[in-house]
Structure formats: C-alpha cells, structure tokens
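Trainee: Here's my sequence, what's the structure:
(2 chains)
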Amino acid sequence: MRVRLEGVEVRIDGVTIVDGVDFVAEPGRMIGLVGPNGSGKSTMLRTIYRALRPVAGAVHLDDDDVWKLSARQSAQRSAVVAQEAPADFDLTVTEVVTMGRTPHKRLLERDSQEDALIVADALARVEMVELGDRLFATLSGGEKQRTLVARALAQRSRVLILDEATNHLDIHAQLGLMELVRGLGVTVIAALHDLNLAASYCDAVCVLDRGRVVAAGPVDDVLTPARLAEVFGVNAHCGTHPLTGRPLLTFSPLPNNERDRGSRGATKEVSA
Amino acid sequence: MNLRAPAATNPGAEDDGGRKRAPTPRPHVLPARLFPLFVAFLIATAVCSALVALSIGAVNIPLGNVWRVVLRHLTGRPAGQNRVQDRIIWNFRAPRVVMALLVGSGLSVVGTALQALVRNPLADSYILGVNQGAALGAVLVIVLGSGALGGLSVSAAAFLGAIVALIMVFLLGQRSGRSNPTRLILAGVAIGHLFSSATSYLEIHANTSALAGVVFWLLGSFSGAKWSQLGVPAVVMLASTTWLMLQRRGLNALLMGDESAAALGVNLNRFRVELLIVCALLSGTMVSIAGSIGFVGILVPHVARLLVGADHRRVLPVAALMGASYLVWVDLAARMLEKPAELPIGIFTALLGAPFFLWLMKRRDRRGPVV
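Mentor: Residues are numbered from 1 along each chain as shown, chains lettered A, B, ... in the order given. Here you go, the predicted model:
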C-alpha cells in the first residue's frame, strides 16, 4: 500500500511542528525517517494513523484520504508501534496483542478461532509465546515493546508505522525487529534515531529537520557527511560494513568553529 | 498479506537460555476458563443477597415466605392470605433492595468506565466532580426549599447538578479541541472542590432539620425507596451498561493510551464525548435517587480487576454484579446495626469495603505481580 503525504502541515497550540511535508512510501518498501529530536518525526507519523489532524495538506493511503476514511477503516490499513508506555492496568500480554484485532471486529462480534491463531502467530514472531499470560505491567521495557510490536502484527495491516520502536530494545531485539518487519512485505515507515539501523535496513531514507523534509532517497545519496553535519551537527564518516556491505556511519563531534556553521547557525543567517 | 516465517538466522535461540524468567505467575486470581461459572455464581449471590435482605428487618420473615411472595408478584398472581407480610416485603423492602441492586451496579459500572476514560485507576464520579455537583443541587433544594431551583425536586436538582458539573469539567478539560485525561482530572478536582465549598456554605446556614436531610443525602441512603422511582434508573442502568459492553474493545484500547487507541481505530474525541455523556447520565441518575455514595465506584472495579483482569469484556459484568450484591449488604448493615434507627449508607461502603480491599491487595502481592 502506498503512503503519500502532500503539503502536510501540523500546528500544536499555535506552533508549527510539521511544515508542508511531501512524502511518498511506495508499496512494500521500508522507509527510514530520521532527524534530530523535535524535528517532527512523530508528529508527521501521527497524521498517518489519524492521531493528529493536519491543518493543511492531505495524507493518502493508496488513493484514499486517511481523514476521509473512518477511524476503523484507517486502522485496518495501518498499524503503529508508538513510543508511549501505557499505565499499569492489569492486562495480560495476550490481551494486549488481541487488541490488534480491534479494527477488524464489529460491535457484537466475538473473538474467533482465527483471531486466536493470528494472535498466537504474532506472539511467536516476537518470541513472546511463553510470556503470553504475564501481566503487561510486569514486563521489562524490551518485552513491552515486543508485545506492542506483536499487537501491530496482529492488526494484519498493509502499512506498518514504527515510531522509534527500537528505542527500548537490546541490540539483538533491535536487529530481530528490523529483520522481522522487512520480511513482512508490507510498507514500513520507521522513525529511527540509530542512523546505522536506517542505513542497514531501509530501502530509502527521509531526513526531517525542523518540520521540513530536507532530503529523501536512497541511503547513499541522503546520509552524506555534509548533510549529517548540517542537520545533526556531527562529523560523520561513511564507510562500508565489512560483513553486510551496507553503508556504515561513524561519528565524532564537529570542531567548535565548524559547529557554528552547522544547521542552526546557517538558517539564522538565511532568515536574518 | 504475505507473512513470512520468522527468520531462521535469528540468533535468539542461544540467547534465550540466559534470559529465562521464573515460572509465569498466574496473572489474575480467577483462571479464564472458570469465568462463566463465576458469573453464574455472582448472579446467584445477588439473588440470594436480595432474598436475605427482604427477609430481615424490624419483623423477620422466613425465607420461604419471602420467596413465595416474590414469585407471586413476579408471575402476576393474586396476593396470598398474609396481606401484612406481602405488604412489608413487596411495598416496603423490595423497592429498597432493588434500588440497592441498581445503584450498586450503576456506580460500579460508572467507576469502571471513568477509570478507562481518564486512564487512571483512582477515578470515579467524585474525581470528575459529578457527586459534588449533584450534592450542590440537592442541598440547594433541601436548605432553601424547592423554590430555589424553580420548583425542582431534590432528585431532579441533583441530576441537574451532576450534569452541569460534568459539562463544565468537559469544557474546561479540553485543549485545542482535544480532551486529555490529565486535564479532565484536574478540571474535575477543581470543579468538585468549588461545588463542595458552596455546599459547605449552605450547610452552615441550614437549620437543624434541614441539616439532618443534608447529612443523609451527602452520605447516601435507600430509605423511602418506592417502586415508582425505579423505572427510569433501571432503564438508564441497563441501557448504559449494554452500550459500555458493546464498546468494550474501545475501552480496552483507551487503557493503552491515546496514540494506541487512535492506531486501533478508535475515534478518540467522539468516543470520549460519548463516554462522558453515558457516565454523566448513569452516575447522575444513581446519585439523584440514592444520594452521594462514595468508594463503591473505586472499590468494586478494583476487586473485579484483581479477580478477572482488566479486559472490559469481563470487568464490566463482574463489577455490575458484585456492586449490586455489595450495596444490598451495605444497606442491610445500615438499617440493622442501630435499629430501629437508620444510618447513612456512605458510612458503611468504606467501613466494610476498605479492609476487604486491602486484604485482597496484600494477598495478591504474595502471588507475584504488582497491582
């Protein structure tokens, strides 16, 4: 399923967070969304899964405007692993994952045998089968995250949105999650802080800075030292991973005099 | 969708040895497969509690006679020989017991729903100012006479107060058109305090006879219940509980947070408004007939969750049934402990409930998972 944003603009309490974003994720592709803290990654993703309505522009899943679909229809098409950690109500892991079936159920419909199979499959994929009866609140951060991934898998949607879903995971689980979602064959849009994770797994990368897309395209074209210096204010070296052959980035701080010429300073000059 | 098997190269197998946890503790006290049996048990308990409450009073009537009288009225047959017993049971005690059943389940269901709405296990109609709003309405009429609110009865004034409080909380609890749980609670607490200070002011200026009425109202009571009062509350209670049961998946999704709920296809703003309306209607109705009865709305949903988990498919019916039985027993205590005098219900809801609640909490701690 194709995800397309056109001129999307989001304002929260009068502050523009996302400022005219155009973005396309082709069907079945995995797109990494990178950018510094506060660059608008999560906000942009929220407009796709209907958690935040843009003040201008449109979000399309294939040919349908997300905000013209019902909440339920939209949730059948896109699933999300978000950042928030829910309060501690006594829900078991299986109950949380079963929630993934919510958009597929009518008011009076009961959970079927098929739902149970889908939930079991989702739990197996994140290696959580043994913890199915545990209370969600008693899990470690990583296990919680895997549970939420399983919930998104149980939604069986054709678009999967990961909002820094790898944050609480150990390195094994991080790679496992990226492998898993890559293998699903669905469109994946993943906001990532780890640029190397983006470089290793994503078909394309989109760089967001202060609410605008500053670059989008294949990893090699986008994650260049010049751009990383400009957007993140770091000195980056682009190498090649000795085993996978994927781009491998290493970082060091920018020297002080260059840092002044980094992104924040540069735009001040432009706008002045 | 083409779902591939988990990658064979996944190095998880070796790692898992080191990560293994202690054997999984049972999450809830009650195993899931016993749930239907448990519901049947709760229904039986409610029926038995009601029968016992009908038989005990100033005059004790044997359970057999109670059963016959109830059966006769339910099947519409003419009254038997013992007219006095018939009147005591059907005209005096039965409305009171039915009111206790209704209010008990109503308050428990509202508590459950409001806790999901504001995603806070401490919420009930108090925290959203509903009870204080109802109290102000009722006390206005008790102290100043029915002329104060254009001839409204105490119940009607209480209902109005509850709805006004909830509308204010809702309007103040949103920000840029979106309501948010924390703001709702803050607005509710503020409005609640505002209304209770107004109520306290009225209380100070009340004369002695009005004050007795005020105290009884503020702590809740089922005395003087009549059949004619119960029709509307029964319909409201059944309709809202049914609606909430239908929305069980949405309520579950709310527990997981706004983003999650949106991602699961819940139309958040609309669902919150609908929930608030239903909760206002239900709690307003219950408070208007029985006064402001505290703690039930927190106690019962919690005990229900401890027993069957937080899934609303199970919590809602269990809370409704447990709340019903619970208030029947509380009412029995309120009218028997210092008979022939009657005590307000509110004194006993916590007195009986809190120790049990604490015991259950402790017991569960030993089983493993934290609450």
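
Trainee: okay, CA-based contacts and neighbour counts for the rest of this
Mentor: Will do.

Trainee: Now do the same contact list for the residue in the stretch 201-350 of chain B positioned nearest to chain A.
Mentor: For the stretch 201-350 of chain B and chain A, the shortest gap (C-alpha to the nearest C-alpha) falls at B:Gly265, measuring 4.1 Å. Neighbouring residues of B:Gly265 by C-alpha atoms under 8 Å, 6 or more residues apart in numbering or on different chains: A:70-76, A:102-103.

Trainee: Reformat those as CSV; add pLDDT and neighbour count.
Mentor: Putting those into CSV (pLDDT from 0 to 100; neighbours: other C-alpha atoms under 10 Å in any protein chain shown) gives the following:
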residue, pLDDT, neighbour count
A:Ser70, 90, 14
A:Ala71, 90, 22
A:Arg72, 90, 19
A:Gln73, 91, 15
A:Ser74, 91, 26
A:Ala75, 91, 29
A:Gln76, 92, 22
A:Thr102, 90, 26
A:Pro103, 91, 23
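
Trainee: isn't A:Gly185 right up against A:Gly28?
Mentor: Yes: when contacts are counted by C-alpha atoms under 8 Å, A:Gly185 is listed as touching A:Gly28 (5.3 Å).

Trainee: who touches stretch B:34-41?
Mentor: B:308, B:317-318.

Trainee: Outline the domain layout of chain A.
Mentor: A:3-218, A:224-272 (automatic domain parsing).

Trainee: Chain B: which of these is closest?
Mentor: Closest approach to chain B among the domains of chain A (C-alpha to the nearest C-alpha): domain A:3-218, 4.1 Å.

Trainee: so how far is that closest one from its chain's centroid?
Mentor: Centroid separation for domain A:3-218 versus its chain: 5 Å, with C-alpha atoms, centre = their mean, to the nearest Å.

Trainee: before we move on, back to that, quick one: which of the contacts of stretch B:34-41 is most hemmed in?
Mentor: When neighbours are counted by other C-alpha atoms under 10 Å in any protein chain shown, B:Val318 leads these with 27 neighbours.

Trainee: number of nearby residues for residue 159?
Mentor: Just going to use chain A. Counted with other C-alpha under 10 Å, A:Val159 comes out at 30.

Trainee: wait, chain B
Mentor: 29.

Trainee: check contacts around it.
Mentor: Here B:Phe159 is in contact with B:134, B:137, B:284-285, B:287-288 (criterion: C-alpha under 8 Å, 6+ apart).

Trainee: A:Gly32 in helix, strand or coil?
Mentor: Assigned by DSSP: H, G, I helix; E, B strand; the rest coil, the conformation of A:Gly32 is strand.

Trainee: per-residue confidence at it?
Mentor: Per-residue pLDDT puts A:Gly32 at 94.

Trainee: Now the terminal residues of stretch B:73-92, how far apart.
Mentor: Criterion C-alpha to C-alpha, to the nearest Å; first-to-last residue distance in stretch B:73-92 is 14 Å.

Trainee: Just confirm the residue of the stretch 201-350 of chain B closest to chain A is within a helix.
Mentor: No: using three-state DSSP, the assignment for B:Gly265 is coil, not a helix.

Trainee: so which helix or strand takes in the closest residue to it other than its chain neighbours?
Mentor: Residue nearest to B:Gly265 in three dimensions, not counting chain neighbours: A:Arg72, with 4.1 Å by C-alpha to C-alpha, 6 or more residues apart in numbering or on different chains. Assigned by DSSP states H and E, A:Arg72 belongs to helix A:71-77.

Trainee: So which bits of stretch A:223-239 are buried?
Mentor: For stretch A:223-239, the neighbour count (16 or more other C-alpha atoms under 10 Å in any protein chain shown) marks A:223, A:225, A:227-236 as buried.

Trainee: Now the two most distant members of the residues you listed.
Mentor: Maximum pairwise distance in the buried residues of stretch A:223-239, criterion C-alpha to C-alpha, is 13.0 Å, between A:Leu223 and A:Gly233.

Trainee: Tell me which residues touch the closest residue to B:Ile289 other than its chain neighbours, please.
Mentor: Leaving aside its chain neighbours, B:Ile289 sits nearest to B:Ser155 (5.9 Å; criterion: C-alpha to C-alpha, 6+ apart). Contact analysis of B:Ser155 by C-alpha under 8 Å, 6+ apart lists B:138, B:288-289.

Trainee: can you put these in TSV and add neighbour count, pLDDT and secondary structure?
Mentor: Output for the contacts of B:Ser155, formatted as TSV (neighbours: other C-alpha atoms under 10 Å in any protein chain shown; pLDDT from 0 to 100; DSSP: H, G, I helix; E, B strand; the rest coil):
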residue	neighbour count	pLDDT	secondary structure
B:Ala138	34	88	helix
B:Ser288	28	86	helix
B:Ile289	23	88	helix
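
Trainee: which two from the contacts of B:Phe159 end up farthest apart in space?
Mentor: B:Gly137 and B:Thr285 (13.0 Å).

Trainee: Deepest in the core, which of the domains of chain A is it.
Mentor: Highest mean neighbour count of the domains of chain A: domain A:3-218, a mean of 20 (counted as mean count of other C-alpha atoms under 10 Å in any protein chain shown).
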